[in-house]
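Asker: model this:
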Amino acid sequence: MSDRDLTRVAHFLYEAGTLKNARRTGWWMAGVRDPESVAEHAWRTSLIASVIAPLEGADPARAALLAVWHDTQETRTGDVNHLGKRYAAPGDPRTVTADQTTGMPEDLADPVRAWIDEYETGDTPEARCAKDADRLECLLQGIEYRARGHADAQRWIDNSRARLTTPTAQHLADALLAQDTLDWLHTAMGQRKQR
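Answerer: Take a look at the predicted model:
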């Protein structure tokens with residue numbers, strides 16, 4: 001058993017839990033009263049990153065790792081939507097992460113800081129997959145909100161689609177846009193889709 005002081009790690013785990021209650025604020029402009037949380041977004045972003053990465057020749061575990069950490073700074077900055085960023089820039093993710101990891105054992109803090117730097121720099125295949133996963137998750141969420149009657153979500157769908165950089169993410173976006181949100185269920189149930 002280690003005799004290291006893990007108090008700051010425990011603090012961070014409680015802090016990270018606040019992302020389960022932090023809402024993605026941009027969706028309010030599309031009329032979504034109770035949008036998904038930052039934690040829900042990060043989970044599906046990580047899953048998408050693990051799907052895109054092997055198809056792009058990248059490491060799926062590393063892409064998912066970068067994706068799960070990509071919004072952890074929002075415990076301190078909140079989810080600042082694109083309009084809000086015009087008036088109040090959120091904190092630099094590297095600076096926020098450095099503050100969040102202060103006092104943690106360096107063999108944990110150093111890799112966490114490196115993951116955030118890698119994601120923000122975006123130079124590795126895994127970082128590009130994680131960034132595209134972030135955009136694809138927004139596109140996918142927009143499709144789901146549009147299907148629930150939020151027509152204004154189309155703006156998020158279009159903007160997210162236009163920002164994709166990897167061929168796999170672009171093709172996956174086209175596949176998502178070509179079907180309804182419950183086509184998977186009809187297929188799983190062996191049913192013909194009702195139009």
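
Asker: who's in contact with the helix or strand bottoming out on mean pLDDT in the chain?
Answerer: The weakest-scoring helix or strand in the chain, judged by mean pLDDT, DSSP states H and E, is helix 82-85 (a mean of 84). Residues outside helix 82-85 that contact it (CB atoms under 8 Å, 6 or more residues apart in numbering) are 25-26, 29. Bear in mind the C-beta positions are built from the backbone N, C-alpha and C, glycine included.

Asker: and it, how far out from the chain's middle?
Answerer: 17 Å (CA atoms, centre = their mean, to the nearest Å).

Asker: next: stretch 93-104.
Answerer: 19 Å.

Asker: now swap in stretch 53-66 and tell me
Answerer: Centre to centre, stretch against its chain (CA atoms, centre = their mean), the figure for stretch 53-66 is 14 Å.

Asker: likewise for stretch 93-110?
Answerer: On CA atoms, centre = their mean, the centre of stretch 93-110 falls 20 Å from that of its chain.

Asker: and it, average pLDDT?
Answerer: For stretch 93-110, mean pLDDT rounds to 96.

Asker: show me what counts as buried in that stretch.
Answerer: 93, 96-97, 100-101, 104, 109 (16 or more other CB atoms under 10 Å).

Asker: ok, which stretches of this structure are helices?
Answerer: Under the criterion DSSP state H, the chain contains helices at 7-17, 38-55, 60-69, 74-77, 82-85, 93-101, 106-121, 125-147, 154-162, 167-177, 183-188.
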